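In: Starting from these lines, generate the structure:
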Amino acid sequence: MLCGLVLLIAGAELLVRCAVRIAANMKVRPLLIGLTVVALGSSAPQMTVSLQAAFNDTADIAVGSVIGSNIFNILVTLGLSALIIPLRVSRQLVRLDIPLMILASGLVFALALNKQLDRLDGVVLLGGLLIYLALLLRQSRHSGHHHVSHDLPRTSWLHNLLLMLAALGLLGLAGHLLLGAAVTLATELGLSERIIGLTIIAVSTSLPELATSLIAAFRGQREIAVGNVIGSNVFNLLGVLGLTALVAPTPLSVSPNALAFDLPVMLGVAALCLPVFYTGYRVTRGEGVLFLGLYLAYGLHVVSFTTGMPLAGKLEHLMLFFILPALLLFLLFSTLRAWRRQH
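Out: Next comes the predicted model:
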């Protein structure tokens, strides 16, 4: 696990450096690179895990790890990144990428209502990914050339490509080492497949995204820090689940608990990004603390539910009838105030 963490930090640092240089060479915004190259690369461990889980007949891990990873990416990765430096959010994210992430979350939820994801569902999800990539390409053409920083050293395409492949290799190896250690630990603790997928494996496969966004935040590349999370979540839903459902020998089963709680939480967390990002087009440190607090509540619920503690019912009642309504009212007030200020 320690070796995996070291490789993770090294790979994330190298990946961010390559992303900034590629954006400069291509004369495009770093946000586009974060939404595509960085997001796809940091999601590679998630793809590997879901495919392996599907062929090993452990569908709860294949589906649960994607759900848990998307929740972790928004609440923890963005939360910690915002604590380092308030994150600037572009208008493109608010107008295009975040609504598409919400639509992708709702699409997966709708397709899973029959308690499985089959090959046809996989084709639908992969088709959605192709549409998203086409929209990003169109957006990049209409946005014009990005200002290129003269402080960056000019490097060849081959040099950047080799460094990018090395960074992705380090992230993939780090994810493999961390995943193996996490699964061994979870098995010894006697946890169920759903809980392993939602927690241990979801966190392990999300560590590349976490490390990449944190390194980007430390280096002041705030667009990459945010774009990496949004792009990774869209790719997890449409690409990872889509390809896994398409090539799996049997349809991926979705547990009733995931339908009743985990998928609604994932959809709610995705929807939460829209009003938070819209108010000022930034994620403040206070909102970062809010994200981390919500993940803590979610984690406590999962742990208490797994161990059969009476705390699970009380937490669920508290979240559904007090915390969430208060949060929705606050966000509605903030959104209306931001809309009036902008108009």
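
In: Select the longest helix from the protein.
Out: Counting residues, the longest helix in the chain under DSSP state H turns out to be helix 157-189.

In: packing partners for that one?
Out: helix 2-26, helix 39-42, helix 44-55, helix 202-218 (3 or more CB pairs under 8 Å, 6 or more residues apart in numbering; DSSP states H and E). Every C-beta, even on glycine, is put in place using the N, C-alpha and C of the backbone.

In: Heading C-terminal from the helix or strand harbouring L274, find the next helix or strand.
Out: Using DSSP states H and E, L274 maps to helix 263-278. Using DSSP H and E, the helix or strand that directly follows helix 263-278 along the chain is strand 282-283.

In: Contacts for that following strand, please.
Out: L78, S81, A82, P86, L87, R88, V89, V226, V276, F277 (CB atoms under 8 Å, 6 or more residues apart in numbering).

In: Now the helix or strand that that strand is followed by: buried residues?
Out: Next helix or strand after strand 282-283 toward the C-terminus (DSSP H and E): helix 285-307. Neighbour-count burial for helix 285-307 flags 287-288, 290-292, 294-295, 297-299, 301-306 (criterion: 16 or more other CB atoms under 10 Å).

In: that older thread, can you put the contacts of strand 282-283 in a markdown table and add pLDDT and distance to N233?
Out: Below are those laid out as a markdown table (pLDDT from 0 to 100; distance: CB to CB, whole Å):
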| residue | pLDDT | distance to N233 |
| --- | --- | --- |
| L78 | 92 | 10 |
| S81 | 90 | 14 |
| A82 | 90 | 16 |
| P86 | 86 | 21 |
| L87 | 85 | 15 |
| R88 | 82 | 19 |
| V89 | 82 | 15 |
| V226 | 85 | 11 |
| V276 | 84 | 15 |
| F277 | 83 | 13 |
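
In: which among these gets closest to I102?
Out: F277 (11.5 Å; CB to CB).

In: my read: that closest one touches I98, true?
Out: Yes: between F277 and I98 there is a contact at 6.2 Å, judged by CB atoms under 8 Å.

In: circling back: between the contacts of strand 282-283, which is nearest S65?
Out: L78 (19.0 Å).

In: mind listing what that closest one touches?
Out: Going by CB under 8 Å, 6+ apart, the list of residues near L78 reads L87, S213, V226, V229, V283, G288, F291.

In: Of those residues, which is the most crowded?
Out: S213 (33 neighbours; other CB atoms under 10 Å).

In: Look up how far I67 lies from that one.
Out: 19 Å (CB to CB, to the nearest Å).

In: where exactly do the strands run in the stretch 51-200 of the chain?
Out: 87-88, 116-117 (DSSP state E, counting those that start in this stretch).

In: Turn these into CSV, including distance to I102.
Out: Shown next, in CSV, are the strands of the stretch 51-200 of the chain (distance: least, CB to CB, whole Å):
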stretch, distance to I102
strand 87-88, 19
strand 116-117, 19
